[in-house]
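Asks: pasted the sequence and its predicted model underneath.
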Amino acid sequence: MNTKVQVQICVGTACHIMGAADLITIEDLLAEPLRERVEIKGVTCIGLCKDEVHGKPPFVIIEGQMLAEATLDKVLRRIEMCVERLADRR
């Protein structure tokens, strides 16, 4: 079982322009105990911006769940929730 929350930040052109450039620095904003529990990766275009079915960029996938119009606040809150869920499973 993976003990780290998996975070994938789309860094394709549309997502980058719409805010992913700021999101990729999110690790610096995490409290020290959270940093050890999270793995953050930038990924090339995940293709969700080709239509508006998925919402608008930037897109972040956290533990397999897509988050549209991602902001630092939204991503931080989702990471915290996922870390808590992992802790509850133990």
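Replies: Received, thanks. Residues are numbered from 1 along each chain as shown.

Asks: show me where the chain has its helices.
Replies: 13-15, 21-23, 32-35, 72-89 (DSSP state H).

Asks: now render those helices as TSV, adding distance to Gln6, mean neighbour count and mean pLDDT.
Replies: Every residue, glycine included, has its C-beta placed from N, CA and C. Below are the helices of the chain laid out as TSV (distance: least, Cβ to Cβ, whole Å; neighbours: other Cβ atoms under 10 Å; pLDDT from 0 to 100):
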stretch	distance to Gln6	mean neighbour count	mean pLDDT
helix 13-15	17	18	92
helix 21-23	15	18	92
helix 32-35	14	10	88
helix 72-89	9	14	90
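
Asks: nearest to Thr44, out of the ones you listed?
Replies: helix 13-15 (10.0 Å; Cβ to Cβ).

Asks: got the contact list for that closest one?
Replies: 9, 45, 49, 57-59 (Cβ atoms under 8 Å, 6 or more residues apart in numbering).
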